[in-house]
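*Asks:* Sharing a model that was predicted from the sequence below.
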Amino acid sequence: MSDERKPTTTTDAGIPAASDDHSLSAGPNGPLLLQDHYLIQKMAQFNRERVPERVVHAKGGGAHGFFEVTAEVTPYTKAAFLNRVGKRTPVFIRFSTVAGELGSADTMRDPRGFAIKFYTEEGNYDLVGNNTPIFFIRDPQKFSDFIHSQKRHPVTNTRDHDMQWDFWAQSPESAHQVAFLMTDRGTPRSWRHMNGYSSHTFMWINAQGNRFWVKYHFKTDQGIDNFADGEAKAMVSEDPDHHMRDLFNAIEGGDHPSWTLQMQIMPFDAAKEYRFNPFDLTKVWPHGDFPPITIGRLVLDRNPANYFAEVEQAAFEPSNMVPGIGPSPDKMLIGRLFSYPDTHRHRIGTNYQQLPINLPHSEVHSYNKDGGMRYRHNGDQPVYAPNSYGGPVADPQHEEPGWFVSGEIVRSASQPHSDDDDYRSASDAVDRCALGDGSRPHDCEHRRPSEGGCPAGDPRAGRRLLAEDPPRSRRPRRCGRGTADYIGGDRQPVGPQGSARRLIKRLDKRGPCERPKRSCSERKDRLRARGPRPRKARRQPQPASVPLGAQSSSPVVGFAIPTQRAINQGPFEEDHTARIIVVKPRGPNSGGRSHPVGDHLGCQRFPVGRGTGPSSGYASHPRAGLGG
């Protein structure tokens, strides 16, 4: 553009500015003058450019697009944006990391936010989910404590893995999500190559008033693709903004990412007698019980015109639910109904919903008024209700849906169902599907089984993986001290001498484990030749500050890591993570040592809550060889 056609610089009030380069001074070398209002305006505005960053989900990116209905769902919901096959609704979606700050790297090990704003004819509908179908906790009372444990230490102001693992170890309900996080799903290759989930259970209501419980699953049409741990770490230094850049460049180049929406639908009355609490955020609904139904597709086809205006100021709140959609008894969801709009009022301002990115596409008729930065108003409409001057009137047919409850006012966990526990969902995943294809843990450099691996669905599939030896340089010993598979080449001792033999006996009771018999025989021969060894002194109890051993009533958890192939191919969201093996400390001297658990599934043993590691998001324990 030539100089003649360039627009003239103005102040924010539209007044032409005299110079882009020089301040107003008393002579070329003299002091600056207070009447240089343009300079003062620029400096004052610069001092106020930043709004408080989000406490969680601070780093993220987003895009515009549309949602299209592809199947009839009116038997389940009366929501207007879902009432016709082929109907399109404009959307804005924001992806994010959870624990990292604004300047953090995109590829750190962390859950990812997956928040969608539907601009419907009945108002904005916000679905605020993650790329995981579960979460770490089930009661909002623990949410701030959980986030504090994942942020920075109040004294050192550094990431502290002791805090992370201490909270997880003292919160058994986190086992399912931690196991998921420690797979390659914790380091997606891009936002385009990950799924999105409502995680929470919601209620759908049809035009006849029939109610259903539902879960949302947005399955990526690009296919699941993840970084291995080493690749994710390398990308931290190569391009900290890799995910944002990938999404922007893909859309800019015409490669529009899309997701298929599948719904799990549970009859309303089935929840009461279901085998576990269907509103528990730490569990998933098995697909065999409630098969996913495809109902639509989500497409992103336009980048934001300005990042701050459209991404940083985008405000998502689970309380934005249109007629035909309602909440459930999920305690975490109910807590979020308050917390999300409250944080937006603090972070962006009282009238954040009047910002263009948050403004509904439908008419707003509200009795709320005034407040900082308000610019939309209702003219001479009355500012109170009821009134006799033609103001808007609420419609009882849009009464929010509910459910029957009874009981004393108490502080208590939800009443357990027959199969409720904190480990079964995660434990079943390996046996049922996660390792059913015979793949090995995600960071292993072992060769894959040569004859198609283990039969899918075989409950002993994980144990049978050990039948084929890895290359000799990586071969784990099966007997004696140091029985372990190696993840990423890290060699970790299992524990005291007798631990491996106890493990072998335990595994023999559960089913055949095809260990190389010769190595066992050699080990026994060496033990006999050496003769008895002097008894070692018992270990002293740990200090109270260490979250293991006699001071802790919580079990120690170990994790088996599903493979990239299993994650990509298996129905991973069905019961959906890795094997959880639970070992309770055996006495006052048991705390702090490693435990011989899960060797048959190729997992690492590590004492939860000990040591430090690389500074990252949700880093795995440094002794696990799976850093963040």
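*Replies:* Received it, and whenever you're ready, just let me know what you need.
*Asks:* and the residue nearest to S174 when sequence neighbours are not counted, how far is that from S199?
*Replies:* Counting by CB to CB, 6 or more residues apart in numbering, S174 lies nearest to F136, which is 4.2 Å off, once chain neighbours are set aside. C-beta coordinates here come from the backbone N, C-alpha and C atoms, glycine included. As judged by CB to CB, to the nearest Å, F136 and S199 stand 11 Å apart.
*Asks:* ok, the two, which is more surrounded?
*Replies:* F136 (28 against 24; other CB atoms under 10 Å).
*Asks:* so what's H200 closest to, chain neighbours aside?
*Replies:* For H200, the spatially nearest residue (CB to CB, 6+ apart) is L333, at 4.3 Å.
*Asks:* burial measure for F66, as a count.
*Replies:* Neighbour tally, F66, other CB under 10 Å: 17.
*Asks:* How about it: which residues does it bridge to?
*Replies:* P90, V299 (DSSP bridges).
*Asks:* picking that back up, a strand runs through the residue nearest to S174, doesn't it?
*Replies:* No. Membership of F136 in a strand is not supported by DSSP: H, G, I helix; E, B strand; the rest coil, which gives coil.
*Asks:* thought it was touching V178?
*Replies:* Yes. Assessed by CB atoms under 8 Å, F136 is found in contact with V178 at 7.2 Å.
*Asks:* would the residue nearest to H200 count as being in a helix?
*Replies:* Yes. Membership of L333 in a helix is supported by three-state DSSP.
*Asks:* isn't it right up against G326?
*Replies:* No. With contact defined as CB under 8 Å, L333 does not reach G326; the gap is 10.4 Å.
*Asks:* Distance of Q415 relative to N320?
*Replies:* Taking CB to CB, one finds Q415 at 30 Å from N320.
*Asks:* next one: S406
*Replies:* 29 Å.
*Asks:* Between these two, tell me which one has more neighbours.
*Replies:* Taking other CB under 10 Å, S406 and N320 do not tie; N320 has more neighbours (23 against 4).
*Asks:* and the more buried one, what helix or strand is that in?
*Replies:* Take DSSP states H and E as the rule and N320 turns out to sit in neither a helix nor a strand.
*Asks:* Surely it touches E122?
*Replies:* No. The pair N320 / E122 is not scored as a contact, 10.7 Å apart, by CB under 8 Å.
*Asks:* Buried ones in stretch 382-396, by neighbour count?
*Replies:* Within stretch 382-396, no residue counts as buried by 16 or more other CB atoms under 10 Å.
*Asks:* Need the contact partners of that stretch.
*Replies:* Stretch 382-396 is contacted from outside by H365, S366, Y367, K369, Q381, using CB atoms under 8 Å, 6 or more residues apart in numbering.
*Asks:* Out of those, which is nearest to D184?
*Replies:* Closest to D184 out of the contacts of stretch 382-396 is S366 (46.1 Å), distances taken as CB to CB.
*Asks:* how much space between that closest one and T11?
*Replies:* 34 Å.
*Asks:* Y274 - how many residues pack around it?
*Replies:* Here the number of neighbours of Y274 (other CB under 10 Å) works out to 17.
*Asks:* whoops, Q41 was the one
*Replies:* Q41 - counted by other CB under 10 Å - has 15 other residues nearby.
*Asks:* Is it in a helix, a strand, or coil?
*Replies:* helix.
*Asks:* pLDDT score for it?
*Replies:* Here the pLDDT value assigned to Q41 is 90.
*Asks:* Please name the nearest non-neighbouring residue to it.
*Replies:* Using CB to CB, 6+ apart, the nearest residue to Q41 is T11, at 5.8 Å.
*Asks:* can you check F118 too?
*Replies:* Closest to F118 by CB to CB, 6+ apart is Y125, at 4.2 Å.
*Asks:* give me phi/psi at the one you found?
*Replies:* phi -120, psi 120 (degrees, to the nearest 10).
*Asks:* Now do it: how many residues are near it, please.
*Replies:* Y125 has 24 neighbours, counted by other CB under 10 Å.
*Asks:* What of L34?
*Replies:* Per other CB under 10 Å, the neighbour tally for L34 reads 9.
*Asks:* Could you pull up the residues touching it?
*Replies:* I40.
*Asks:* does G61 really touch F248, like I thought?
*Replies:* Yes. Look at G61 against F248 with CB under 8 Å: they come within range, at 7.1 Å.
*Asks:* Per-residue confidence, F114, what does it come out as?
*Replies:* For F114, the model assigns a pLDDT of 98.
*Asks:* check which helix or strand covers it.
*Replies:* F114 belongs to strand 112-120, assigned by DSSP H and E.
*Asks:* Name the nearest residue to D280, sequence neighbours excluded.
*Replies:* Using CB to CB, 6+ apart, the nearest residue to D280 is R138, at 5.4 Å.
*Asks:* tell me the contacts of that neighbour?
*Replies:* For R138, the contact set (CB under 8 Å, 6+ apart) comprises E173, D280, L281, T282, K331, M332, S414.
*Asks:* Can I get stretch 335-354 in PDB, CA atoms only?
*Replies:* Only the C-alpha atoms of stretch 335-354 are listed here, as PDB (Å, rounded to 0.1, in the frame of the first residue of the first chain):
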ATOM      1  CA  GLY A 335     -20.100 -27.000  41.500                       C
ATOM      2  CA  ARG A 336     -19.000 -25.800  38.000                       C
ATOM      3  CA  LEU A 337     -22.500 -24.200  37.400                       C
ATOM      4  CA  PHE A 338     -21.500 -21.500  39.800                       C
ATOM      5  CA  SER A 339     -17.700 -21.400  39.600                       C
ATOM      6  CA  TYR A 340     -17.300 -20.700  35.800                       C
ATOM      7  CA  PRO A 341     -19.500 -17.600  35.400                       C
ATOM      8  CA  ASP A 342     -18.100 -16.300  38.700                       C
ATOM      9  CA  THR A 343     -14.600 -16.400  37.400                       C
ATOM     10  CA  HIS A 344     -15.500 -14.700  34.200                       C
ATOM     11  CA  ARG A 345     -17.100 -11.800  36.100                       C
ATOM     12  CA  HIS A 346     -13.800 -11.500  38.000                       C
ATOM     13  CA  ARG A 347     -11.500 -12.000  35.100                       C
ATOM     14  CA  ILE A 348     -13.200 -10.100  32.200                       C
ATOM     15  CA  GLY A 349     -15.800  -8.000  33.900                       C
ATOM     16  CA  THR A 350     -19.500  -7.900  35.000                       C
ATOM     17  CA  ASN A 351     -20.800  -7.600  31.400                       C
ATOM     18  CA  TYR A 352     -18.600 -10.200  29.800                       C
ATOM     19  CA  GLN A 353     -21.500 -11.700  28.000                       C
ATOM     20  CA  GLN A 354     -21.900  -8.500  26.000                       C
END
